[in-house]
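Enquirer: Any chance you could fold what I've pasted below:
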Amino acid sequence: MPRNSRLGGDGAEGEDVAVAAAERLAGGEVRSRIQSLSHEQCQEILGRCLLRDPSLIFDVMACPPPDPSSQQDPNLPDWCVCMRCREMPTDIEKKCCGQPPQHCISLLPHVDLYVLHEGVLRMARRIWNDLRAREDAPHPGEDNKQFRYAAYRQFVVWQYGYLGRGNRIVIPSCCVWKINKGPLP
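Expert: Residues are numbered from 1 along each chain as shown. The predicted structure follows:
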């Protein structure tokens, strides 16, 4: 059976009918259906289309990248470069990692592994308490606070090494917020 025989007529006529039908649909139904899709649904469909026809990647790459200033969060502080920081209570805490948005330190997989991993934090707490010769007997609500402080210490050790007694360093706001909202045990 010829490819376009069910559309009626020979190949050229059938293609014209199919193109006309697609144009009618694209003008109304399809366009409104596309506009009703969520962002996640659009990304999923685009991914499937690229799997079916990899040459479509050229159309995707031809689109200009979005202007970062047009998508900027209105709550984003003006001192932030990575676009992940939040306003901090004191001027000294208003520190950004200084990386471009796609390379923000808080997005590195190392943060999850070295700073937020439950086993690492439990071990860090145990070592810290051993060094200070203290018992880890948390009061109600103290457990999360102790894990958060352990995560801050882990971040500093990972990024700067051991600083010594009394030496302090400001952790970038983006990383503070990642630790505060992160998957602490």
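
Enquirer: ranges for the helices of this protein?
Expert: 11-27, 29-36, 39-52, 57-62, 109-110, 118-132, 142-160, 173-181 (DSSP state H).

Enquirer: Pick the most deeply packed of those helices.
Expert: Burial of these is given as mean neighbour count (mean count of other Cβ atoms under 10 Å); helix 173-181 ranks first at a mean of 20. Any C-beta I mention is one placed from the backbone N, CA and C, and that applies to glycine too.

Enquirer: ok and it relative to helix 142-160, angle-wise?
Expert: Per axes from the mean of the first three to the mean of the last three Cα atoms, to 10 degrees, the angle that helix 173-181 makes with helix 142-160 is 150 degrees.

Enquirer: Begin at 14, not 1, for the rest of this chat.
Expert: Okay, residue one is now 14; in that scheme the one you just asked about reads as helix 186-194.

Enquirer: Run through who's touching helix 186-194.
Expert: Identification of contacts with helix 186-194 by Cβ atoms under 8 Å, 6 or more residues apart in numbering yields 90, 93, 95, 97-99, 101, 106-110, 117-119, 124, 128-129, 161, 164-165, 168, 184.

Enquirer: Stretch 105-116 now?
Expert: By Cβ under 8 Å, 6+ apart, the list of residues contacting stretch 105-116 reads 81, 90, 92-98, 100-101, 117-119, 183-189.

Enquirer: circling back: now, of the contacts of helix 186-194, which are buried?
Expert: Buried members of the contacts of helix 186-194, counted by 16 or more other Cβ atoms under 10 Å: 93, 95, 97-98, 101, 107-110, 117-119, 124, 128-129, 161, 164-165, 168, 184.

Enquirer: dump the residue contacts of the residue nearest in space to the middle of the chain.
Expert: Nearest residue to the geometric centre of the chain (Cα atoms, centre = their mean): Leu120, 6.8 Å. The neighbours of Leu120, taking Cβ under 8 Å, 6+ apart as the test, are Arg97.

Enquirer: separation between it and Cys95?
Expert: Distance, Leu120 to Cys95, using Cβ to Cβ, to the nearest Å: 8 Å.

Enquirer: Could you do Gln112 as well?
Expert: Gln112 is 5 Å from Cys95, by Cβ to Cβ.
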